[in-house]
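Peer 1: 3D model of this:
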Amino acid sequence: MSSTSVARESTSTSVARESRRSPILIAGLCLAEARPSVLLITLLRFLAGAVLGAAAGHGHPVAMAGGAVTIELAMFSCYLLNGVMDLHEDRINGSRRPLARGALPPPVALRVAGGAAALSLAGAMALGSRIAVAVTAALAIGGYLYSGPPWYLKRHSFGTAVAGISSGLLVYYGGAYTGQGGADLSLVLAVFALAMSLWIGVVGGLTKDLPDVQGDVEAGRRTLAVVVNEPLLRLLIAILALAIGGTFLIVAMLITPVLWWLAMMQLAGAVAVAVLSLSNMSRGSKKRRQRPYRAFMVTQYMINLAVLVAAAAQVPLRI
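Peer 2: Now for the predicted structure:
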(Lines give C-alpha, C1' and ligand atoms only; values in the text may rest on other atoms or scores of the structure.)
Protein backbone atom coordinates (compact mmCIF):
# COMPACT_ATOMS: atom_id res chain seq x y z
CA MET A 1 0.00 0.00 0.00
CA SER A 2 1.39 3.44 -0.93
CA SER A 3 2.14 6.11 1.62
CA THR A 4 -0.59 8.29 0.10
CA SER A 5 -3.17 5.53 0.57
CA VAL A 6 -2.03 5.01 4.15
CA ALA A 7 -2.33 8.75 4.84
CA ARG A 8 -5.83 8.87 3.35
CA GLU A 9 -6.92 5.84 5.34
CA SER A 10 -5.51 7.38 8.52
CA THR A 11 -7.34 10.66 7.88
CA SER A 12 -10.62 8.84 7.15
CA THR A 13 -10.25 6.79 10.33
CA SER A 14 -9.54 9.94 12.36
CA VAL A 15 -12.58 11.76 10.95
CA ALA A 16 -14.81 8.72 11.53
CA ARG A 17 -13.58 8.45 15.12
CA GLU A 18 -14.18 12.18 15.63
CA SER A 19 -17.70 11.96 14.25
CA ARG A 20 -18.57 9.51 17.03
CA ARG A 21 -17.45 11.90 19.71
CA SER A 22 -19.92 13.96 21.67
CA PRO A 23 -21.28 16.97 19.73
CA ILE A 24 -20.81 19.00 22.91
CA LEU A 25 -17.11 18.08 23.00
CA ILE A 26 -16.68 18.95 19.32
CA ALA A 27 -18.49 22.26 19.88
CA GLY A 28 -16.20 23.02 22.80
CA LEU A 29 -13.09 22.29 20.74
CA CYS A 30 -14.38 24.49 17.91
CA LEU A 31 -15.13 27.28 20.37
CA ALA A 32 -11.62 27.06 21.80
CA GLU A 33 -10.17 27.15 18.28
CA ALA A 34 -12.23 30.24 17.44
CA ARG A 35 -10.75 31.98 20.53
CA PRO A 36 -13.39 33.00 23.08
CA SER A 37 -11.50 36.24 23.78
CA VAL A 38 -11.93 37.27 20.14
CA LEU A 39 -15.61 36.31 20.10
CA LEU A 40 -16.15 38.36 23.26
CA ILE A 41 -14.48 41.47 21.85
CA THR A 42 -16.56 41.04 18.67
CA LEU A 43 -19.71 41.07 20.82
CA LEU A 44 -18.50 44.18 22.65
CA ARG A 45 -17.81 45.94 19.33
CA PHE A 46 -21.28 45.05 18.07
CA LEU A 47 -22.93 46.37 21.24
CA ALA A 48 -20.79 49.52 21.21
CA GLY A 49 -21.86 50.14 17.62
CA ALA A 50 -25.49 49.64 18.60
CA VAL A 51 -25.17 52.12 21.47
CA LEU A 52 -23.41 54.79 19.40
CA GLY A 53 -25.72 54.29 16.43
CA ALA A 54 -28.99 54.42 18.35
CA ALA A 55 -30.91 57.59 17.63
CA ALA A 56 -33.32 56.96 20.49
CA GLY A 57 -33.15 54.07 22.89
CA HIS A 58 -31.23 50.97 21.90
CA GLY A 59 -33.47 49.31 19.33
CA HIS A 60 -35.69 46.28 19.68
CA PRO A 61 -34.22 43.69 22.06
CA VAL A 62 -35.08 40.77 19.75
CA ALA A 63 -33.40 42.44 16.77
CA MET A 64 -30.40 43.29 18.90
CA ALA A 65 -30.06 39.73 20.14
CA GLY A 66 -30.51 38.33 16.64
CA GLY A 67 -27.91 40.68 15.21
CA ALA A 68 -25.42 39.77 17.92
CA VAL A 69 -25.90 36.05 17.25
CA THR A 70 -25.45 36.45 13.48
CA ILE A 71 -22.25 38.46 13.91
CA GLU A 72 -20.87 36.00 16.45
CA LEU A 73 -21.60 33.05 14.16
CA ALA A 74 -19.87 34.84 11.28
CA MET A 75 -16.72 35.53 13.32
CA PHE A 76 -16.80 32.00 14.72
CA SER A 77 -16.84 30.66 11.16
CA CYS A 78 -14.03 32.98 10.05
CA TYR A 79 -11.71 31.98 12.88
CA LEU A 80 -12.36 28.29 12.43
CA LEU A 81 -11.48 28.59 8.73
CA ASN A 82 -8.41 30.62 9.63
CA GLY A 83 -7.34 27.95 12.11
CA VAL A 84 -7.52 25.27 9.42
CA MET A 85 -5.62 27.37 6.89
CA ASP A 86 -2.97 28.34 9.48
CA LEU A 87 -2.42 24.80 10.73
CA HIS A 88 1.15 24.41 9.41
CA GLU A 89 2.53 27.65 10.82
CA ASP A 90 0.57 27.33 14.07
CA ARG A 91 2.27 24.02 14.76
CA ILE A 92 5.69 25.52 14.02
CA ASN A 93 4.93 28.41 16.37
CA GLY A 94 3.90 26.03 19.17
CA SER A 95 0.17 26.87 19.28
CA ARG A 96 -1.82 24.79 21.78
CA ARG A 97 -5.21 25.38 20.17
CA PRO A 98 -7.21 22.22 19.30
CA LEU A 99 -6.35 22.07 15.60
CA ALA A 100 -2.61 22.55 16.11
CA ARG A 101 -2.37 19.94 18.84
CA GLY A 102 -4.41 17.40 16.86
CA ALA A 103 -7.52 17.33 19.07
CA LEU A 104 -9.79 18.69 16.31
CA PRO A 105 -9.50 17.24 12.76
CA PRO A 106 -9.54 19.92 10.02
CA PRO A 107 -12.44 18.31 8.06
CA VAL A 108 -14.63 18.50 11.16
CA ALA A 109 -13.66 22.13 11.76
CA LEU A 110 -14.45 23.00 8.14
CA ARG A 111 -17.90 21.41 8.36
CA VAL A 112 -18.69 23.31 11.53
CA ALA A 113 -17.37 26.56 10.00
CA GLY A 114 -19.57 26.06 6.93
CA GLY A 115 -22.63 25.37 9.08
CA ALA A 116 -21.99 28.47 11.20
CA ALA A 117 -21.59 30.61 8.09
CA ALA A 118 -24.86 29.33 6.65
CA LEU A 119 -26.74 29.99 9.90
CA SER A 120 -25.20 33.45 10.12
CA LEU A 121 -26.29 34.35 6.59
CA ALA A 122 -29.80 33.00 7.14
CA GLY A 123 -30.18 34.99 10.36
CA ALA A 124 -28.81 38.17 8.78
CA MET A 125 -31.20 37.95 5.84
CA ALA A 126 -34.10 37.62 8.25
CA LEU A 127 -32.99 40.80 10.02
CA GLY A 128 -32.79 43.00 6.92
CA SER A 129 -30.63 43.94 3.96
CA ARG A 130 -28.14 46.12 5.84
CA ILE A 131 -27.11 43.55 8.41
CA ALA A 132 -27.13 40.91 5.65
CA VAL A 133 -24.62 42.96 3.64
CA ALA A 134 -22.43 43.45 6.72
CA VAL A 135 -22.41 39.74 7.58
CA THR A 136 -21.80 38.66 3.99
CA ALA A 137 -18.89 41.07 3.64
CA ALA A 138 -17.45 39.98 7.00
CA LEU A 139 -17.55 36.33 5.96
CA ALA A 140 -16.01 37.10 2.57
CA ILE A 141 -13.21 39.41 3.75
CA GLY A 142 -12.42 38.10 7.24
CA GLY A 143 -12.96 34.49 6.24
CA TYR A 144 -12.22 33.42 2.70
CA LEU A 145 -10.24 36.36 1.27
CA TYR A 146 -8.10 36.56 4.41
CA SER A 147 -7.33 32.85 4.67
CA GLY A 148 -7.90 31.29 1.25
CA PRO A 149 -6.77 31.41 -2.37
CA PRO A 150 -6.09 33.36 -4.44
CA TRP A 151 -5.77 36.46 -2.26
CA TYR A 152 -4.42 35.07 1.04
CA LEU A 153 -4.61 38.54 2.64
CA LYS A 154 -2.97 37.10 5.77
CA ARG A 155 0.33 36.68 3.94
CA HIS A 156 1.03 40.42 3.79
CA SER A 157 0.76 43.11 6.46
CA PHE A 158 -1.24 45.34 4.11
CA GLY A 159 -3.74 42.55 3.50
CA THR A 160 -3.97 41.83 7.22
CA ALA A 161 -4.62 45.51 7.88
CA VAL A 162 -7.32 45.66 5.20
CA ALA A 163 -9.05 42.59 6.65
CA GLY A 164 -8.78 43.86 10.23
CA ILE A 165 -10.05 47.35 9.45
CA SER A 166 -12.88 46.02 7.30
CA SER A 167 -13.97 43.49 9.92
CA GLY A 168 -13.96 46.14 12.63
CA LEU A 169 -16.03 48.58 10.59
CA LEU A 170 -18.50 45.89 9.55
CA VAL A 171 -19.10 44.76 13.14
CA TYR A 172 -19.55 48.32 14.43
CA TYR A 173 -21.89 49.25 11.60
CA GLY A 174 -23.74 45.95 11.89
CA GLY A 175 -24.44 46.85 15.50
CA ALA A 176 -25.44 50.38 14.57
CA TYR A 177 -27.87 49.33 11.85
CA THR A 178 -29.47 46.79 14.17
CA GLY A 179 -29.69 49.29 17.02
CA GLN A 180 -30.99 52.39 15.31
CA GLY A 181 -33.66 51.01 13.02
CA GLY A 182 -32.96 52.96 9.84
CA ALA A 183 -32.03 56.41 11.14
CA ASP A 184 -28.96 58.18 9.78
CA LEU A 185 -25.71 57.06 11.35
CA SER A 186 -23.97 59.62 13.51
CA LEU A 187 -20.64 61.39 13.10
CA VAL A 188 -19.71 60.14 16.58
CA LEU A 189 -20.12 56.55 15.42
CA ALA A 190 -18.11 57.20 12.25
CA VAL A 191 -15.16 58.69 14.14
CA PHE A 192 -15.21 56.03 16.86
CA ALA A 193 -15.60 53.09 14.45
CA LEU A 194 -12.78 54.30 12.20
CA ALA A 195 -10.39 54.97 15.10
CA MET A 196 -11.05 51.58 16.66
CA SER A 197 -10.89 49.74 13.33
CA LEU A 198 -7.52 51.31 12.55
CA TRP A 199 -6.39 50.20 16.00
CA ILE A 200 -7.54 46.65 15.19
CA GLY A 201 -6.13 46.40 11.67
CA VAL A 202 -2.82 48.22 12.11
CA VAL A 203 -1.73 47.88 15.74
CA GLY A 204 -3.40 44.51 16.28
CA GLY A 205 -2.04 43.08 13.04
CA LEU A 206 1.56 44.11 13.66
CA THR A 207 1.71 43.15 17.34
CA LYS A 208 0.10 39.78 16.59
CA ASP A 209 2.87 38.97 14.09
CA LEU A 210 5.71 39.82 16.48
CA PRO A 211 5.88 36.44 18.31
CA ASP A 212 5.22 34.26 15.23
CA VAL A 213 7.99 35.14 12.79
CA GLN A 214 9.40 31.60 12.46
CA GLY A 215 6.11 30.01 11.44
CA ASP A 216 5.28 32.90 9.11
CA VAL A 217 8.61 32.51 7.29
CA GLU A 218 8.08 28.78 6.75
CA ALA A 219 4.52 29.38 5.58
CA GLY A 220 5.72 31.80 2.92
CA ARG A 221 4.20 34.92 4.42
CA ARG A 222 5.68 38.32 3.58
CA THR A 223 4.48 40.36 6.53
CA LEU A 224 6.49 43.27 7.89
CA ALA A 225 7.61 41.02 10.74
CA VAL A 226 9.28 38.84 8.10
CA VAL A 227 10.65 41.40 5.64
CA VAL A 228 12.07 44.05 8.03
CA ASN A 229 14.49 43.65 10.89
CA GLU A 230 12.99 43.41 14.35
CA PRO A 231 14.23 46.75 15.77
CA LEU A 232 12.61 48.57 12.83
CA LEU A 233 9.38 46.60 13.27
CA ARG A 234 9.21 47.48 16.94
CA LEU A 235 9.81 51.15 16.17
CA LEU A 236 7.11 51.07 13.50
CA ILE A 237 4.62 49.50 15.92
CA ALA A 238 5.32 52.24 18.46
CA ILE A 239 5.02 55.06 15.90
CA LEU A 240 1.79 53.78 14.35
CA ALA A 241 0.15 53.07 17.71
CA LEU A 242 0.93 56.58 18.95
CA ALA A 243 -0.12 58.12 15.63
CA ILE A 244 -3.52 56.41 15.69
CA GLY A 245 -4.11 57.24 19.37
CA GLY A 246 -2.94 60.83 18.96
CA THR A 247 -5.01 61.42 15.81
CA PHE A 248 -8.12 60.03 17.48
CA LEU A 249 -7.66 62.43 20.38
CA ILE A 250 -7.14 65.46 18.09
CA VAL A 251 -10.17 64.61 15.94
CA ALA A 252 -12.29 63.96 19.02
CA MET A 253 -11.36 67.30 20.59
CA LEU A 254 -12.08 69.20 17.36
CA ILE A 255 -15.09 67.38 15.93
CA THR A 256 -16.64 64.93 18.41
CA PRO A 257 -15.84 66.19 21.93
CA VAL A 258 -18.06 63.57 23.57
CA LEU A 259 -15.42 61.01 22.59
CA TRP A 260 -12.39 62.76 24.10
CA TRP A 261 -12.19 60.46 27.13
CA LEU A 262 -12.38 57.34 24.95
CA ALA A 263 -9.63 58.79 22.77
CA MET A 264 -7.54 59.35 25.89
CA MET A 265 -7.98 55.68 26.75
CA GLN A 266 -6.76 54.66 23.31
CA LEU A 267 -3.77 56.99 23.56
CA ALA A 268 -2.89 55.50 26.96
CA GLY A 269 -3.06 52.05 25.37
CA ALA A 270 -0.85 53.29 22.53
CA VAL A 271 1.74 54.47 25.04
CA ALA A 272 1.65 51.03 26.71
CA VAL A 273 2.08 49.28 23.34
CA ALA A 274 4.96 51.59 22.42
CA VAL A 275 6.78 51.15 25.73
CA LEU A 276 6.41 47.37 25.62
CA SER A 277 7.47 47.17 21.98
CA LEU A 278 10.62 49.26 22.47
CA SER A 279 11.73 47.86 25.81
CA ASN A 280 13.19 44.55 26.93
CA MET A 281 9.87 43.66 28.54
CA SER A 282 8.72 42.09 25.26
CA ARG A 283 11.94 40.34 24.28
CA GLY A 284 12.96 36.76 24.88
CA SER A 285 10.32 34.05 25.28
CA LYS A 286 7.18 33.89 23.18
CA LYS A 287 5.09 34.82 26.21
CA ARG A 288 7.09 38.02 26.68
CA ARG A 289 6.91 38.82 22.96
CA GLN A 290 3.11 38.65 23.17
CA ARG A 291 2.94 41.54 25.63
CA PRO A 292 2.42 44.34 23.05
CA TYR A 293 -0.47 42.34 21.57
CA ARG A 294 -1.97 41.84 25.01
CA ALA A 295 -1.75 45.58 25.66
CA PHE A 296 -3.55 46.13 22.35
CA MET A 297 -6.29 43.69 23.37
CA VAL A 298 -6.74 45.12 26.86
CA THR A 299 -7.08 48.60 25.37
CA GLN A 300 -9.89 47.68 23.03
CA TYR A 301 -11.66 45.70 25.75
CA MET A 302 -11.57 48.71 28.07
CA ILE A 303 -12.75 51.21 25.44
CA ASN A 304 -15.69 49.14 24.20
CA LEU A 305 -16.73 48.27 27.74
CA ALA A 306 -16.51 51.96 28.64
CA VAL A 307 -19.02 52.78 25.89
CA LEU A 308 -21.47 50.25 27.32
CA VAL A 309 -20.98 51.44 30.89
CA ALA A 310 -21.47 55.05 29.80
CA ALA A 311 -24.71 54.12 28.02
CA ALA A 312 -25.95 52.28 31.11
CA ALA A 313 -25.11 55.32 33.22
CA GLN A 314 -26.83 57.57 30.63
CA VAL A 315 -23.67 59.52 29.87
CA PRO A 316 -24.24 61.46 26.57
CA LEU A 317 -22.47 59.81 23.65
CA ARG A 318 -23.96 61.86 20.83
CA ILE A 319 -23.35 65.40 19.69
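Peer 1: where in the stretch 51-200 of the chain is pLDDT low?
Peer 2: 55-59, 179-185 (pLDDT under 70).
Peer 1: at 80 what do you get?
Peer 2: 53-61, 93, 178-185 (pLDDT under 80).
Peer 1: Can you identify each of the helices in it by residue range?
Peer 2: 61-85, 87-92, 106-127, 129-138, 146-147, 157-180, 187-198 (DSSP state H, counting those that start in this stretch).
Peer 1: elements contacting the last one?
Peer 2: Think helix 187-198. helix 36-53, helix 157-180, helix 230-254, helix 260-278, helix 291-312 (3 or more C-beta pairs under 8 Å, 6 or more residues apart in numbering; DSSP states H and E). Using the backbone N, CA and C atoms, a C-beta is placed for each residue, glycine as well.
Peer 1: residues of stretch 284-297 that come out buried?
Peer 2: Within stretch 284-297, the residues scored as buried using 16 or more other C-beta atoms under 10 Å are Arg289, Gln290, Arg291, Pro292, Tyr293, Ala295, Phe296, Met297.
Peer 1: From start to finish, how long is that stretch in a straight line?
Peer 2: 21 Å (C-alpha to C-alpha, to the nearest Å).
Peer 1: What's the mean pLDDT across it?
Peer 2: Averaged over stretch 284-297, pLDDT sits at 93.
Peer 1: Give me the contacts around it.
Peer 2: 37, 41, 93-94, 199, 203-204, 207-208, 210-211, 237, 241, 269, 272-273, 276-277, 281-283 (C-beta atoms under 8 Å, 6 or more residues apart in numbering).
Peer 1: List buried residues within these.
Peer 2: Buried among the contacts of stretch 284-297 (16+ other C-beta under 10 Å): 41, 93, 199, 203-204, 207-208, 210-211, 237, 241, 269, 272-273, 276-277, 282.
Peer 1: check contacts around the residue sitting nearest the centre point of the chain.
Peer 2: Nearest residue to the geometric centre of the chain (C-alpha atoms, centre = their mean): Val38, 5.8 Å. Applying C-beta under 8 Å, 6+ apart to Val38 gives the contacts Met75, Tyr79.
Peer 1: Which pLDDT value goes with it?
Peer 2: 92.
Peer 1: ditto for the one 4 residues further on
Peer 2: Per-residue confidence for Thr42 comes out at a pLDDT of 96.
Peer 1: In contact with it, which residues?
Peer 2: Residues in contact with Thr42 (C-beta under 8 Å, 6+ apart) are Ile71, Glu72, Met75, Val171.
Peer 1: So among the residues you listed, which ones count as buried?
Peer 2: Neighbour-count burial (16+ other C-beta under 10 Å) applied to those gives Ile71, Glu72, Met75, Val171.
Peer 1: Farthest pair within the residues you listed?
Peer 2: The largest separation in the buried ones among the contacts of Thr42, counting by C-beta to C-beta, is between Glu72 and Val171 at 9.8 Å.
Peer 1: Return every residue with contacts to both of these two.
Peer 2: When C-beta under 8 Å, 6+ apart defines a contact, the residues bordering Glu72 and Val171 alike are Thr42, Phe46.
Peer 1: residue ranges with poor pLDDT in the stretch 201-319 of the chain?
Peer 2: Using pLDDT under 80, the stretch 201-319 of the chain drops low at 212-223, 225-226, 315-319.
Peer 1: Leu121 touches Val135, doesn't it?
Peer 2: Yes: assessed by C-beta atoms under 8 Å, Leu121 is found in contact with Val135 at 6.3 Å.
Peer 1: Which one's more surrounded, the two?
Peer 2: The neighbour comparison of Leu121 against Val135 (other C-beta atoms under 10 Å) goes to Val135, with 27 against 18.
Peer 1: And the closest residue to that one other than its chain neighbours, how far from Leu139?
Peer 2: In space, and not counting its chain neighbours, Val135 is closest to Ala124: 3.8 Å by C-beta to C-beta, 6 or more residues apart in numbering. Between Ala124 and Leu139 the computed distance is 9 Å (C-beta to C-beta, to the nearest Å).
Peer 1: Neighbour count for those two, which is higher?
Peer 2: Ala124 (28 against 25).
Peer 1: Please verify my assumption that the more buried one contacts Ala137.
Peer 2: No: in this structure, Ala124 is not within contact of Ala137 by C-beta under 8 Å, at 10.5 Å.
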